[in-house]
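Enquirer: Predicted model and sequence below, questions to follow.
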Amino acid sequence: MVAASGEKGDGGRSKGRDQSCFLSLNRTQKRLALKKSCKRKNHSVWMVKSVLHNSTSSFNENGATEPARILLERLFTQTQKLEEQIGRELRIPQDVEPGWNLGNLESDLQAALTALNKKEEDLQEAESKLFLEYIELNHAKEDLGRREEEMASACSKLEKIEEELKQANLNLVSRATEIEGLKLQLKERDQQISVTQSALFFKEDEINKMMGELMKKRKEAADMESELKSKSQLLNEANNVVKRQELELQEFHKALREKEEELEDSLTIRKNEEEKLKVSEANLQKQTMSWLLAQEELKKLAEDASKHMGEANETLEDFKRVKKLLADVKSELVSFQKALLSSRQKMKNQEKLLDDQLVELEKDKRGVMSYMTTLKDAHVEVESERTKLRVAEARNKELDRDLSLKKELVKELQEQLNRERSDLQQAIEETSFLHEELKRRSTEFQESQGLLLVKESELVEARLEIQHSKSEQACLQLVLQEKDMEICNARKMLAAVNQEIAELRMSVVNKEDQLTQAMSELKEKDEHIQVIQHELHDTKLKFSEAETVVEKIVELTSKLVEPIKDKDYNALSPSGEMDHLFKKPAYNLKWQKKQVETELEITRETLRSKEMEVLAAQRALTIKDKELEMVLQKFGEREKEGRHMKEEVVQDGDDLRKLYALAQEKIGEKSIGDLAIEKLQLEAAQLEVQAATSALQKLTEMSRELLVKASLSIEADYDISIFPHSGSNSEVQTSVVHDECNGEVQTEIMRLSALTEQLVKEAGIAGELY
């Protein structure tokens, strides 16, 4: 027991050591009660710092800690088992199991001790490496201090050199200002010389120009005299031309009067054609009236058919005659349309001719006005040229005076030129002296620039050394900052990853909730759809059963009717025995048919109700599709707005064109506006004719359908009346059948009349005819 307790204490100490090392490596700040862990704490902290700052350290954190942890855990579990076994009753022999357990513990303890020894050696190596790194850091700090002192001395030298450079620059600036002053003086003298030379040349040029101008003016005077003579001749010719043009104007007036008479004749022709159009319109109205009368005859024929069912064949012939009449009306309408088209083409041709004649008249008027203006301009030019001649004579006199004055000026200018030439020679001598001084000063300036370049090179070298030392210091600081930033970034990355994991978990939970809700809704909707499908299936079965019942009833009725025909057809006479029709079987058949039809309508209503329920379920499913459709509709609305804007722009352009055309028409004569009104009236009449033809086509189609229906109903009633029946009230039965047929025919005729009235109202003919 004592040995076990000692071993247990040693195991606990080793475990505490391992935990302290592990916690110190992970930067935990826990205090352990053991002495060895307290002694090694400072060393472990230094080890962690060295590992964080030096990424190339050879010490592996997990190399020795993981096996030590495993061994300590095994020891701890075995000690717990031993304590449990000691606490139990001593049923098992004490010589076998305790010895075996103690042997295992000793081997485990030895392995743990060896692992701890290895770990202590690794820690000592890490401490030695940290100590060496600390020494290297101290050396680096000392080197930095030395370099800072060197930097300070270099800065002081730089300041001295900069002061010397400033003084040298001041001297250079003073010399440069002196040189620039001399250069300015030279430039001023050169400018003065150039100005005087240019003035001399300018004066010589002016003298030459004056002489040339005198010669030109003499030539111009001679030319003006010759031009005056030629213009006097031209004036005489122009007067002759004016007389000729007056005669031509009189001829143009005569031609204009003839063309106006032709226009009046064309207008009278147009009025005659308009009267013809009115006559054709009256004929159209008469034909429409005849068509309406034919329609009334149709109604009367239908009434006669309802009264006399035996005369059905005659009514059919009447209907055929009516069809022929309608075909004739159509052909006449087509011929009238062609006549209208031909008359319109003639009107258009006449309009074109009138427009051409109007254009020719306007051109003639413009030509006459241009001739008048040219005559007036010719008179004005003649008068202006006469005044120019007088002015030219006055100028010739003034030029003679100017020539005498300019000769005197030339003499004075030559005297001034001689004086200025002597002044130029003196200025040239002064400029040569100033050039020599400039050469001497420029050599001194070049020597001072060479000294400045040498000192500037020394400054550049010193600055480069300072920058090199600063860059090295900055590199070291950057290395330290980078390592600190790596640690901070790692912590931030861990925090960000943890946050992302939490957010992902929350999003996953939310999505799972949404999925469960959607699945539950889908299941409910599927169940509802299945219920509706079952109901539809039941209704279809019922409908099929009803159809089978109806088929059976029809078969039974056919079987009942055939033997009755075979028995009673030969017994009855053709003339007097048609009234012995049986009443009850037909009545029963009709009643059964009505009953079946009511059942079918009931089943259809049930089917419709169930279809409405299915549609309601589908609407609940298509709500999301509607949202997408709303988005698409918005997009479409935007596109429509864009198209609408384009159409508005196009309409604005068309409106402007129309306004321009109307303005031009208003500027012209009133006959153009009357023609436009007549065009609009003709277009309206054409539209009315087209509407009338379409209405007539619809009426013919409806009349055909009604004739087919009437013939079918008459044949059916005739077949029913042929069957023999037994009973006493056969005459009543036949009268009821005839009444029903008459009622159906009357209803169909009323429908036809109502449709014709609607079509006439739509076409807009009824109001205009009356």
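Expert: Here it is on my side, so go on.

Enquirer: Where does pLDDT dip in the stretch 51-200 of the chain?
Expert: Scanning the stretch 51-200 of the chain for pLDDT under 70 picks out the ranges 51-113, 115-117, 119-120, 123-124, 126-127, 130, 134.

Enquirer: So which bits of stretch 185-194 are buried?
Expert: The neighbour-count check on stretch 185-194 (16 or more other C-beta atoms under 10 Å) flags 186, 193 as buried. C-beta here means a position set from N, CA and C on the backbone, and glycine is covered the same way.

Enquirer: Contacts made by that stretch with the rest, please.
Expert: The contact list for stretch 185-194, computed with C-beta atoms under 8 Å, 6 or more residues apart in numbering, reads 424, 427-428, 430-431, 434-435, 438.

Enquirer: Make CSV from these and add secondary structure to it.
Expert: Below are the contacts of stretch 185-194 laid out as CSV (DSSP: H, G, I helix; E, B strand; the rest coil):
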residue, secondary structure
L424, helix
A427, helix
I428, helix
E430, helix
T431, helix
L434, helix
H435, helix
L438, helix
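
Enquirer: Give me the neighbour count for V241.
Expert: Neighbours of V241 under the rule other C-beta atoms under 10 Å: 13.

Enquirer: about what we covered before: from the contacts of stretch 185-194, pick the one nearest Q533.
Expert: Q533 lies nearest to L438 out of the contacts of stretch 185-194, by C-beta to C-beta, at 116.2 Å.

Enquirer: Grab the nearest non-local neighbour of the closest one.
Expert: Using C-beta to C-beta, 6 or more residues apart in numbering and skipping residues adjacent in sequence, the residue nearest L438 is L182, 5.8 Å away.

Enquirer: Quickly find the element holding G450.
Expert: helix 312-568 (DSSP states H and E).

Enquirer: what mean pLDDT does that helix have?
Expert: Per-residue pLDDT over helix 312-568 has a mean of 71.

Enquirer: same question, stretch 637-650
Expert: The average pLDDT within stretch 637-650 is 65.

Enquirer: And stretch 276-286, by the same measure?
Expert: 75.

Enquirer: Name the residues of it that are buried.
Expert: So for stretch 276-286, counting by 16+ other C-beta under 10 Å, buried means 277, 284.

Enquirer: could you list every residue that touches K183?
Expert: L438.

Enquirer: separation between Q517 and S280?
Expert: 78 Å (C-beta to C-beta, to the nearest Å).

Enquirer: What of K411?
Expert: In this view, K411 and S280 are 106 Å apart by C-beta to C-beta.

Enquirer: And L325, by the same measure?
Expert: For L325 relative to S280 (C-beta to C-beta), the value is 21 Å.

Enquirer: Thought D364 was touching A255, still the case?
Expert: Yes - at 7.2 Å, A255 counts as touching D364 under the criterion of C-beta atoms under 8 Å.

Enquirer: neighbour count winner among the two?
Expert: Set A255 next to D364 and count neighbours by other C-beta under 10 Å: D364 wins out with 15 against 12.

Enquirer: Can you tell me the closest non-neighbouring residue to the more buried one?
Expert: If the residues on either side of it in the chain are set aside, D364 comes closest to F252, at 5.8 Å by C-beta to C-beta, 6+ apart.

Enquirer: What helix or strand is the one you found located in?
Expert: Per DSSP H and E: helix 97-307 holds F252.

Enquirer: got a list of what S448 touches?
Expert: 168, 171-172, 175 are the contacts of S448 under C-beta under 8 Å, 6+ apart.

Enquirer: For R463, the count of nearby residues, please.
Expert: 13.
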